[in-house]
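Asks: just need the structure, nothing else, for what follows:
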Amino acid sequence: MSIRTERVAKLFQREVADILITEFSEQIQPMVTVTGARVTKDLSVAYVYVSVFGTTKPERQAAFQHLQELTPQIRTALARRIRHQVRSIPELKFFLDESLQQARKLDDIFDRIREERERRPDAE
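Replies: Numbers count the residues shown, from 1 in each chain. Coordinates of the predicted model:
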C-alpha cells in the first residue's frame, strides 16, 4: 500500500472501531474489536478485519453476521465523521479475524505437550 492508502486505512480502522464502541455496542454482542483495515488503491473499497470475543464459534459467527447486516448504518456513521477528510466514502467489507482464537488454540496444545512431558519419566 502507498503512504496515502496506509493513512486512510488507519483512519478507517480507528473510526470504525470508535463507531462500533460508541454507537453500536448495544446492538453487537459480544464484544467486537477492529484488528486491521486495508483500502484499495482507488479508495473505493475498505476491508475491515474484526475479531469477535465470544465463548463459542456459533456465537461469534452470529455476532459477525449481525455486524455485516449493520454495514450500511456503520458506513453512514463513518461518512458523518470523515466526510471532510476523503472525497467519497468507500464500500465497507468486513472479514472475521480468528487469529486470536487460533493462537489460543495453539497455546492450549503447547500447554498439553508441556504437561505430558512433565508427567513422563525421563527415558534417559
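
Asks: please enumerate the helices of the chain.
Replies: With DSSP state H, the ranges of helices along the chain come out as 3-22, 57-69, 71-82, 99-119.

Asks: low-confidence ranges, the chain, go.
Replies: The model of the chain has pLDDT under 70 over residues 1, 122-124.

Asks: repeat that for 80
Replies: Applying pLDDT under 80 to the chain picks out residues 1, 25-30, 54-55, 98-103, 121-124.

Asks: ok, back up a step: out of the helices of the chain, which is closest to residue 28?
Replies: helix 57-69 (5.7 Å; CB to CB). Just so you know, the C-beta spots here come from the backbone N, C-alpha and C atoms, and that holds for glycine as well.

Asks: could you give the angle of the closest one to helix 71-82?
Replies: 60 degrees (axes from the mean of the first three to the mean of the last three CA atoms, to 10 degrees).

Asks: need the helices of the chain in CSV with distance to residue 33 and mean neighbour count, can you?
Replies: Putting the helices of the chain into CSV (distance: least, CB to CB, whole Å; neighbours: other CB atoms under 10 Å) gives the following:
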stretch, distance to residue 33, mean neighbour count
helix 3-22, 7, 16
helix 57-69, 11, 15
helix 71-82, 14, 15
helix 99-119, 9, 10
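
Asks: turn the ones you listed into JSON lines, including distance to residue 48.
Replies: Shown next, in JSON lines, are the helices of the chain (distance: least, CB to CB, whole Å):
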{"stretch": "helix 3-22", "distance to residue 48": "6"}
{"stretch": "helix 57-69", "distance to residue 48": "9"}
{"stretch": "helix 71-82", "distance to residue 48": "9"}
{"stretch": "helix 99-119", "distance to residue 48": "15"}
